[in-house]
Every structure is written in structure tokens, then in C-alpha cells.
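>>> sequence plus predicted model, see below.
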Amino acid sequence: MAKFIFCLLLTVAMSMTSGCDPRPDSGKGFTLPEGDAEAGKANYIRLQCNACHTINGVDQIAAEGKTPELSIALGGEVTRVTTYGDLVTSIINPSHRLARGYPADVVSVNGKSKMKNYNDVMTVSQLVDLVVFLESKYTLVPYERTVYPLFPGP
Ligand code: HEC
């Protein structure tokens, strides 16, 4: 029992000193100002995101010049929340985590996302509005559990 209490106190002491502090490169505390979904849609079309992406409500356009013809779906039904942290990261640092559900060679070259880099041409306001627009296109649906048939009893 004494050992248990000692361990408990040690754990509490450790979490008070270091364990709970976020690392300096953590995203904790990051919050975007409010955006406008309609303006976001206009930016989506102006920046030609639809050269590589499909999304409900915007037609796809043919990829310009040498950009590959891709149809990576955005929005739709998802079983885990798509946070604005996820969306911002996907836009400004696409190679950080590649979209799930696609073979690596379809979405990346040598581990780098095929997505265009907008960081030098997109304003922060455009980014904020884009994220609000994209967020509005995701619908959270409950995770469907796989039902296994019960084995017949002995
Ligand atoms: C040249 C093609 C191309 C263009 C143009 C492009 N993307 Fe992408 N995008 C990709 C590819 C390929 C992926 C999948 C790999 C990855 O996750 O980076 C992707 C992934 C994403 C994801 C993550 C999707 C997921 O399911 O995780 C978001 C969000 C996204 N793009 C938004 C945008 C927005 C907004 C624009 C316009 C400002 C844009 N993209 C323009 C190619 C493109």
C-alpha cells in the first residue's frame, strides 16, 4: 500500500513539474479569427484548388499546364472530426501528413505531397476563409462497427 501511495505521489509530482506543459512547437493555443465561407468558396475557385480536388458544390476544372490531373476528394462524410488544425496544416504544410486512402505514388513524389505550395501567394484572410468553407463541407457520421456473426454455442 505504501508503495502504491509513493508511486501515486511521484506521478502527481512529475506531472506538476514537466509532464503537462506543451512543447514549444505544440499547436496548443492556436486559434484562427472568424472567416467567411462564401469568400472561401470564391478563393477556392480563384486559387484553382479544383484543378486537383473535388468538393460538393464546385465543378472540377482541368489541371493547368503541367499540374497532374488529380481528383482528391475534400469534404463529405467522415468518422473523425476534421479540425481547422488539420485543414490549415493540409494547406500550408501538405507533406506533414498525406491524405488517407490514396496510394502514396498518386498523392506524393518521394514522400512530398503533389499539392501546390500557396504559402507565398495566399493571404492569411484567404486561408481563414478557405478553412471555414472546407469545414462546412465535412459531416461527422458515427463510426459503423463491423458486426461479426456469433459462433454457435457448444
Ligand atoms: C496540384 C494539385 C493540387 C492543388 C492545386 C491543390 N491540392 Fe490540395 N492536395 C493535393 C494532393 C495530391 C493532396 C493529397 C496529399 C496531401 O495530403 O497533401 C491534397 C490534399 C489536400 C487536403 C487534405 C485532404 C485530406 O483528406 O487529408 C486539403 C484540405 C487540401 N488539399 C486543400 C487544398 C486547397 C484549399 C487548395 C487550393 C488552395 C488545394 N488543396 C490545391 C493536390 C492539390
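Happy to help now that I have it. Predicted model, so just to flag it, every value in this text is computed and none were measured.

>>> for the residue nearest to the spatial centre of the chain, pull up the helix or strand it's in.
What sits nearest the mean C-alpha location of the chain, by C-alpha atoms, centre = their mean, is D86, with 2.8 Å. Using DSSP states H and E, D86 maps to helix 84-92.

>>> contacts for stretch 26-33 next, please.
Contacts with stretch 26-33, where a contact means C-beta atoms under 8 Å, 6 or more residues apart in numbering, come from 22, 84-85, 88, 128, 131. Using the backbone N, CA and C atoms, a C-beta is placed for each residue, glycine as well.

>>> try it again with 7 Å
22, 84-85, 128, 131 (C-beta atoms under 7 Å, 6 or more residues apart in numbering).

>>> for ChimeraX, what selects the buried ones among those residues?
Buried members of those, defined by 16 or more other C-beta atoms under 10 Å, are picked up in ChimeraX with:
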select :84,128,131
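
>>> out of the contacts of stretch 26-33, which is nearest to A37?
V131 (9.5 Å; C-beta to C-beta).

>>> using the three-state scheme, assign the closest one.
Secondary structure, DSSP: H, G, I helix; E, B strand; the rest coil: V131 is helix.

>>> so it is in contact with V88, correct?
Yes - proximity of V131 to V88 meets the contact threshold set by C-beta atoms under 7 Å, at 5.9 Å.
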